[in-house]
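In: Below are the sequence and a predicted model for it; my questions follow.
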Amino acid sequence: MSNKKIIVEYFYLDLKTCDRCIGTDNVLDEVMLTLAPALKLAGYEVEYGKIEMETADLAEQHRFLSSPTIRVNGQDICKSVAENSCGCCSDISGTDVDCRVFEYNGESYEVPPKEMLAEAILNAVFGQAEIGCSCSKYVLPENLKTFYEGKKSKPICSCGSSCC
């Protein structure tokens, strides 16, 4: 068993409604299908997991700053959090919610390009990442507090979920 281990984690708010989370999930799956065999060939053990940030408690436990988030060995692949209004997550919670935008080569993307994710993951693995420090005291961002409070208080519709 290799002592070279790579843990790629995907944290998100919703994979049923949110175009941004669904799109990022699809792109990350595609990138991992390509990278994982090559990393294994290079002697790395690769773990890839996804966690839905269903509650504020779960978000706090994982020090969740923005949706969606991708971490390699516990470090966010993005240096900073940039966000814009997310209609899907706003609909889910009945409140105004901002979600992450990914900055790459001077452009902003709601769904990151494959090249960006592949480059960020490989840089994190091979030590060239410019990853921000996550050592400061964590506080659940107001934006996420609003999302969870709105989601909790939103009435359930006739279909049995809070979709409408």
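Out: That came through, no problem.
In: Surely residue 111 is in contact with residue 28?
Out: No - applying CB atoms under 8 Å, one finds residue 111 not in contact with residue 28, separated by 9.9 Å. Any C-beta I mention is one placed from the backbone N, CA and C, and that applies to glycine too.
In: what number of residues lie near residue 126?
Out: 10 (other CB atoms under 10 Å).
In: Next one: it from residue 6, what distance?
Out: Residue 126 sits 10 Å away from residue 6, going by CB to CB, to the nearest Å.
In: that older thread, give me the more crowded residue out of residue 111 and residue 28.
Out: More crowded of residue 111 and residue 28, by other CB under 10 Å: residue 28, with 23 against 17.
In: pLDDT averaged over the helix or strand that one falls within, what's the number?
Out: For residue 28, the enclosing helix or strand under DSSP states H and E is helix 19-41. Mean pLDDT, helix 19-41: 96.
In: Can you point out the buried residues in that helix?
Out: 20-22, 24-25, 27-28, 31-32, 35-36, 39 (16 or more other CB atoms under 10 Å).
In: which regions of the chain lie under the pLDDT threshold?
Out: Where the chain drops to pLDDT under 70, the residues are 1-2, 128-136, 155-164.
In: one more time with 50
Out: Within the chain, the ranges that satisfy pLDDT under 50 run 1-2, 131, 162-164.
In: which residue ends up closest to the midpoint of it in space?
Out: residue 69 (2.0 Å; CA atoms, centre = their mean).
In: Give the bridge partners for that one, please.
Out: residue 11 (DSSP bridges).
In: what do you get for residue 75?
Out: residue 72.
In: Assess the claim that it and residue 124 are in contact.
Out: Yes - if you go by CB under 8 Å, residue 75 and residue 124 touch, sitting 6.4 Å apart.
In: mind listing the strands for the protein?
Out: Under the criterion DSSP state E, the chain carries strands at the ranges 5-12, 45-52, 69-72, 75-76, 82-85, 98-104, 107-109.
In: what's the last one packed up against?
Out: Identification of packing neighbours for strand 107-109 by 3 or more CB pairs under 8 Å, 6 or more residues apart in numbering; DSSP states H and E yields strand 98-104.
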